[in-house]
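no sequence on this one, just coordinates:
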């Protein structure tokens, strides 16, 4: 089939480009070559590829059942006719056509044998697939980027939030959650810089067992509260009395807002040691600092009566 837009080959090299170099000292060096060897009129922009972010928006709307005509209208609603639009006011979504939408639609409904080319669409379709089976559905909450849903909960269109808990995790949470609930966060493990927040319980072998996960682009009291609320809706009978986490108060506040103000907060060993040593360096001299740090390490693993005797001795 002949490409109605025509070929974008120019049989020559276009030197126009922008080279950006970010240095270690934080400065940025930019080299801009503005010379083109071909026409750069507004009509030529139809040869530009529609970004994956916009394709993901189209896929999301199609999956939610939004008609193609309505999707096209939403992209155009703040723009006039392509031929007469002010160049300075144009945006990439204004170049979306019905052909682009149909292309995404064909790809979307052919994913039973072919994977999506972008991560956003793959994730969305995987979530929908998991949600299709109520008996095994692990998804507790899902909000895709570029979606305006859940604004009443404090989420922005750019936010991503996924909460999931399997049936086995639910069983372990109900069995051991009342002992103590642990919360941990992992950063810098993916190219999108999303955070992974994990809830853990301590099983009968005194080992940590993850019972729920939250993947999100932001980690604050708002998103953590949605995470905890989602878990609470899945297991409403489980009572949480103790929380162990880091020294970030956002998680503790979120848990208390769901399970009540009687929840007690404990810091993990690493944060206890870090806080102690930070204050030792602040208030103690170099002469006795090493001895104090050694004693604190011993105290951390001692019984309560040993700690009491030591405190009486030094006081």
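Received it, and whenever you're ready, just let me know what you need. The structure presented is a predicted model; accordingly, all values stated were derived computationally and were not measured.

Show me which positions of stretch 261-274 end up buried.
residue 263 (16 or more other Cβ atoms under 10 Å). In short, each C-beta sits where N, CA and C put it, glycine included.

distance between it and the chain's centre?
25 Å (Cα atoms, centre = their mean, to the nearest Å).

Can you give me the end-to-end span of it?
End-to-end span of stretch 261-274 (Cα to Cα, to the nearest Å): 26 Å.

Quick check: which ranges of the stretch 1-150 of the chain have low pLDDT?
The stretch 1-150 of the chain contains residues with pLDDT under 70 at 1-12, 39-48, 63-64, 77-94, 108-117.

all helices of the chain, in order?
Taking DSSP state H as the criterion, the chain carries its helices at 52-63, 68-76, 98-108, 119-131, 167-176, 221-234, 249-259, 269-283, 286-300, 304-314.

For residue 15, find the nearest of those.
Closest approach to residue 15 among the helices of the chain (Cβ to Cβ): helix 52-63, 26.5 Å.

Which neighbouring elements make contact with the closest one?
helix 68-76, helix 98-108, helix 119-131 (3 or more Cβ pairs under 8 Å, 6 or more residues apart in numbering; DSSP states H and E).

closest one to residue 148 among those?
Of all these, helix 68-76 comes closest under Cβ to Cβ, at 11.1 Å.

Give me the buried positions along that closest one.
68, 71, 72, 75.

Kindly reformat the helices of the chain as a markdown table and extend each row with distance to residue 26.
What follows is these, written out as a markdown table (distance: least, Cβ to Cβ, whole Å):
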| stretch | distance to residue 26 |
| --- | --- |
| helix 52-63 | 27 |
| helix 68-76 | 37 |
| helix 98-108 | 39 |
| helix 119-131 | 30 |
| helix 167-176 | 43 |
| helix 221-234 | 29 |
| helix 249-259 | 28 |
| helix 269-283 | 27 |
| helix 286-300 | 34 |
| helix 304-314 | 46 |
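
Can you say which of these is nearest to residue 160?
helix 119-131 (8.9 Å).

circling back: can I get the helices and strands packed on helix 52-63 in a markdown table with distance to residue 33?
Below are these laid out as a markdown table (distance: least, Cβ to Cβ, whole Å):
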| stretch | distance to residue 33 |
| --- | --- |
| helix 68-76 | 31 |
| helix 98-108 | 30 |
| helix 119-131 | 32 |
